[in-house]
Structure formats: structure tokens, C-alpha cells
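Engineer: next comes the sequence, and after it the predicted model I'd like to discuss.
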Amino acid sequence: MYSRSGSAAGSSRRARGCIVLLAACFACVAALPPAHAEETAADAELRALKQELVALNRELFLLEEELLFPASTQVAVYLSLDVGKYFALDAVELSIDDRQVAKYLYTERELDALRRGGVHRLYVGNIKSGSHELVAVLTGRGPQGREYRRATSLDFEKGLGPQQLELVLSDSEALQQPDFVVRAWE
């Protein structure tokens with residue numbers, strides 16, 4: 001049979017052992033670096049790697065553009081809007097030298113961006129130096145909401161450098177109808 005003094009002594013020893021064990025655990029945890037500091041350093045390193053990846057991706061894209069579309073053969077066609085009352089654009093078909101090179105159907109968001117001054121790159125490609133013909137067919141809704149389909153063209157001379165052309169849609173107040181013009185950028 002156990003005496004009271006033996007039982008108390010065993011409990012006391014167990015309590016001291018638990019305290020020592022607890023103190024050792026606290027000492028081990030205190031010796032470890034804070035988890036927050038490790039996460040912050042890892043996050044910073046990850047962020048730096050992401051920035052390097054984005055920069056590398058951009059350089060790769062520019063190199064790819066340069067290889068696919070060298071300046072000596074490159075032609076680019078852009079579209080801009082300055083319309084409101086007389087024409088609501090739906091789609092554009094673009095042909096160079098009787099070969100269709102682009103066809104685009106616009107969403108309301110894209111049209112809103114164009115109305116606010118945006119420019120859409122319809123086509124980028126390669127053509128030989130010399131004389132070429134660009135034809136753009138525009139469809140949409142004209143005055144009184146009727147279906148409207150109209151074509152415009154431009155004969156241009158492709159030189160040694162890159163060639164940029166712009167298809168400009170605007171309202172003609174005098175004629176009370178839309179006006180479509182293709183012009184070469186200088």
C-alpha cells in the first residue's frame with residue numbers, strides 16, 4: 001500500500017519532469033527562426049522570380065515578333081473610330097492583294113474602348129516590297145438603324161522599312177453618313 005508521502009513525492013517528481021520538459025520545448029521553439037520571417041523571405045524571393053519571369057517573357061515576345069515579322073517585310077493595319085451618330089461598327093474584313101488576311105467581329109466592350117480613343121491592331125504580317133492594294137469591308141448599322149456594308153481601298157507602295165496603315169472611321173456631318181479612309185502612317 002502506498003503512503004501519502006510516497007504519493008506526494010511521485011506527483012512532485014512528475015510535476016518537476018513536466019516543467020523541465022515544457023521548459024525544454026520552449027527553449028527549442030525560441031531557438032527556431034520565426035515562421036513569419038521565413039514566409040516573408042520566401043514571398044520576397046518568389047516575387048523577385050515572378051518579376052524576372054515577366055521580364056524574360058517580354059524579351060522573348062519581342063524577339064519572336066522581330067523574327068516572325070522583320071522590319072523589311074512587315075506591314076501592320078490598325079483601326080480607329082471617331083463615329084457616333086451615323087455608324088455602329090459590327091465587323092471588319094481586311095484583304096491585301098485579293099487575299100483575306102483578317103476578319104474581326106467586335107464586342108460592345110471593344111467598341112467602347114475604340115470610341116474612347118483606342119486603336120485596334122487588325123493585322124500584322126509580311127509582304128514583299130512593291131505595289132499592293134488593301135481593301136477593307138466594314139459592316140454595321142447605319143443611319144436609321146439599317147444594315148450598312150461599305151468597302152474602302154488603298155493602293156500603297158511597300159518600301160524597305162515597316163509599313164503601318166490606319167483604317168479611320170469617322171462621321172461626315174456634311175453628308176450625314178459615315179466616312180471610311182485608309183491612310184499610311186509616316
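Structural biologist: Done, it's in.
Engineer: switch to C-alpha atoms for all contacts and neighbour counts from now on
Structural biologist: Fine.
Engineer: so where's this protein uncertain?
Structural biologist: 1-39, 69, 84 (pLDDT under 70).
Engineer: residue ranges of the strands in it, please?
Structural biologist: Using DSSP state E, the strands found in the chain span residues 74-82, 88-96, 99-105, 119-126, 130-141, 147-158, 163-172, 177-184.
Engineer: quick one: contacts of the shortest one?
Structural biologist: Which is strand 99-105. Here strand 99-105 makes contact (Cα atoms under 8 Å, 6 or more residues apart in numbering) with 90-95, 122-123.
Engineer: which one of the residues you listed has the most neighbours?
Structural biologist: When the contacts of strand 99-105 are compared by neighbour count (other Cα atoms under 10 Å), L94 ends up highest, at 22 neighbours.
Engineer: ok, that one touching E133?
Structural biologist: No: counting by Cα atoms under 8 Å, L94 does not reach E133; the two are 10.7 Å apart.
Engineer: tell me the one of the contacts of strand 99-105 nearest L175?
Structural biologist: Closest to L175 out of the contacts of strand 99-105 is D90 (21.5 Å), distances taken as Cα to Cα.
Engineer: ok, the closest one - contacts?
Structural biologist: Listed by Cα under 8 Å, 6+ apart, the contact set of D90 reads 105-107, 138-141.
Engineer: which residue packs closest to it, ignoring adjacent ones?
Structural biologist: G140 (4.5 Å; Cα to Cα, 6 or more residues apart in numbering).
Engineer: related to what we said a few turns ago, now a PyMOL select for only the buried ones of the contacts of D90.
Structural biologist: Filtering the contacts of D90 down to the buried ones (16 or more other Cα atoms under 10 Å) takes a single PyMOL command:
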select buried, resi 138+139+140
